[in-house]
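Student: output the structure for:
(one chain, ligands or ions: 1)
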Amino acid sequence: MNNALTPEILAALSAVSLQCVECSALYPGLEVGSAFRYRCNCGGTLDVEMKFALPEAQTAPVQAPSGISSALKSDSDPALLTGTLLRQLFDERASTLPTWSISAGKMLLDYSGVWRYRELILPAPEQYIISRPEGNTGLYPVGIENCNPGRIGHRQIGLYAGLEHLFLKHEGENPTGSFKDRGMTVGVTMANLCGAQAVACASTGNTAASLASYAAQAGMRAIVFLPAGNVAGGKLAQSLAYGATTIQVEGNFDDAMHLVEQVCGELGIYLLNSLNPFRIEGQKAIGFEILQQLAWQAPDWLVLPAGNLGNTSAVGKAFRQAYQLSLIQHMPRFAAIQAEGANPFYRSFKQGFARQEPVQAQTVATAIKIGNPVSYTRARRVIEESNGIVEDVTDEEILAAKTIIDRAGLGCEPASAATLAGIRKLVERGVIKRDERVVGILTGNLLKDSQTGIPQQSEGVAVAANIDAIRRIL
Ligand code: F0G
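Tutor: Okay, the predicted model is just below:
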């Protein structure tokens, strides 16, 4: 399993350890000669803990702190300095021209919206990194006040939300059309570092498409487990086209998730669901990129759709670290939005997180049709420490919000529209104030699902190819 590990890889990853989110037990980032580890011995999920160091060139003027913990607020002067240096470093890298370097080296990494922040993501030796590159997605100002007056269509979104300052971060603009690419570049890089021959995941579709693409790039076998009949056509097509072994499981996502963990454990395949803590590290880059696009001014609210809760955990962790490193001066409040028929996190939140009870998931937003989220504890921490909130929205509300986003010319898949539906509901309830600065994440591309919530043209609607016929219908 881990036999391919070279001294160079081991040295690079020696700064990384894994900590159980339930009992705080610590494990090395990689255990040589033993099976891959995704859970603590107690069954809890794991979180990456990394010693933080500024790159050589940046350390010259000051004594750099040795670890993230040493850069906490209590140590305010070095922390502020660290924040300034990191902002400079990331801004310099972001100004790199978006071109592929002929030698596929540094420039490619700096242009990736994940590896640009590599000091806060994973200290992987560059030659092992598998990147498209990903990220650099649009952050659209769509609020009543912050929308460009010329963009009347975009402003409709702000009017629908009832917000003056609203931004939508469109993660559907990633290489495979969803936010999953950010975690996957790091996950497949880890698989590469470990010398894995095969990688696998359970998925409602987007993780599978992303895994299939990145594994194909690295020359690894990809095996994806999908809930039969519950994956949107575009996503299934991607997995098949990229050459993944595509297994449709009789059951729901939660069944497929349970199965893939067993399969990976037994067959020594590298598991790349967000249960894998390195996926979470990559997904943090959504948060860093939002901050960079906002000139390092944290918003008041961060709103996103929630299913397996990997993304809530990841973006929350990004903001926590950005705050600890003085990249930003305050934490935003988080709002995680679930579909009403797939709302175990919402139900738990309503009971003060007293219990975690699975539900039988049912929603048109198949991406978040999940009844037993794996990253529950990690996401709970984000909601609690940010004084955040969990909301749920009906399928009708999701589809109505999707129509608004689609008609504005941005477009998104149904699960993503839960973000706007949730924002509207929270503004109506007075939880989010009309003048607060809000960033909502759109997680997937419109083309992922060409059926749900999109008007379908019936057959036989073709028009004669002459101007008279056209005049009659316009
Ligand atoms: N939005 C989209 C488009 C998704 O594909 C997912 C999850 C989510 C939101 C929810 O994110 O699970 O981190 O809370 N899709 C996973 C998949 C489950 O298999 O593609 P989460």
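
Student: out of the helices and strands in the protein, which is least certain?
Tutor: Of all the helices and strands that make up the chain, helix 56-59 has the lowest average by mean pLDDT, DSSP states H and E, namely a mean of 52.

Student: so what's the residue of the stretch 1-150 of the chain found nearest the ligand bridging to?
Tutor: Sorted by distance to the ligand under CB to the nearest ligand atom, the residues of the stretch 1-150 of the chain start with residue 45, at 12.7 Å. Bear in mind the C-beta positions are built from the backbone N, C-alpha and C, glycine included. As for beta bridges, residue 45 partners with residue 39 under DSSP bridges.

Student: give me every residue that touches it.
Tutor: Under the criterion of CB atoms under 8 Å, 6 or more residues apart in numbering, the neighbours of residue 45 are 20-22, 38-39, 275, 277, 374-375, 377-378.

Student: so where is the chain shaky, pLDDT-wise?
Tutor: By pLDDT under 70, the weakly predicted segments of the chain are 1-4, 55-78, 97-107.

Student: write out the residues of it neighbouring the ligand.
Tutor: Proximity of the chain to the ligand is assessed by CB under 6 Å from any ligand atom, with 178, 180, 203-207, 274, 305-312, 367-368, 413, 415-416, 443-444 identified as the residues in range.

Student: swap in 5 Å and give it another go.
Tutor: Applying the criterion CB under 5 Å from any ligand atom, the portion of the chain that neighbours the ligand consists of 203-204, 206-207, 305-311, 367-368, 415, 443-444.

Student: just these: which are in helices?
Tutor: Residues of the residues of the chain next to the ligand located in helices (DSSP state H): 206-207, 310-311, 415.

Student: a markdown table for those, including neighbour count?
Tutor: Conversion of those to a markdown table gives the following (neighbours: other CB atoms under 10 Å):
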| residue | neighbour count |
| --- | --- |
| 206 | 31 |
| 207 | 30 |
| 310 | 27 |
| 311 | 28 |
| 415 | 33 |
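
Student: can you give me the buried ones in stretch 371-378?
Tutor: Going by neighbour count (16 or more other CB atoms under 10 Å), the buried part of stretch 371-378 is 371-378.

Student: now these as a markdown table including secondary structure?
Tutor: Below are the buried residues of stretch 371-378 laid out as a markdown table (DSSP: H, G, I helix; E, B strand; the rest coil):
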| residue | secondary structure |
| --- | --- |
| 371 | coil |
| 372 | coil |
| 373 | coil |
| 374 | coil |
| 375 | coil |
| 376 | helix |
| 377 | helix |
| 378 | helix |
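
Student: quick check: the farthest pair among the residues you listed?
Tutor: 371 and 378 (17.7 Å; CB to CB).

Student: do you have the strands of this structure handy? List them.
Tutor: Counting by DSSP state E, the chain forms strands over residues 16-20, 26-28, 46-50, 139-141, 165-170, 198-202, 221-227, 245-249, 270-271, 301-305, 333-339, 389-393, 437-442, given from the N-terminal end onward.

Student: kindly reformat those strands as a markdown table containing mean neighbour count and distance to residue 185.
Tutor: Compiled in a markdown table, those are given as follows (neighbours: other CB atoms under 10 Å; distance: least, CB to CB, whole Å):
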| stretch | mean neighbour count | distance to residue 185 |
| --- | --- | --- |
| strand 16-20 | 19 | 16 |
| strand 26-28 | 14 | 23 |
| strand 46-50 | 20 | 15 |
| strand 139-141 | 18 | 20 |
| strand 165-170 | 26 | 18 |
| strand 198-202 | 27 | 13 |
| strand 221-227 | 24 | 14 |
| strand 245-249 | 16 | 21 |
| strand 270-271 | 22 | 15 |
| strand 301-305 | 27 | 20 |
| strand 333-339 | 27 | 24 |
| strand 389-393 | 23 | 29 |
| strand 437-442 | 26 | 18 |
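
Student: want to throw those into TSV with distance to residue 462?
Tutor: Shown next, in TSV, are the strands of the chain (distance: least, CB to CB, whole Å):
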stretch	distance to residue 462
strand 16-20	58
strand 26-28	62
strand 46-50	55
strand 139-141	35
strand 165-170	33
strand 198-202	41
strand 221-227	35
strand 245-249	34
strand 270-271	48
strand 301-305	37
strand 333-339	37
strand 389-393	38
strand 437-442	33
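
Student: residue 293: which of those strands is closest?
Tutor: Between residue 293 and those, the shortest gap by CB to CB is with strand 139-141, which sits at 4.4 Å.

Student: which residues sit against that closest one?
Tutor: Counting by CB under 8 Å, 6+ apart, residues outside strand 139-141 touching it are 147-148, 154, 166-170, 290, 293-294, 410, 439.

Student: quick check, nearest of those to the ligand?
Tutor: Here the nearest of these to the ligand, counting by CB to the nearest ligand atom, is residue 170; it sits at 11.5 Å.
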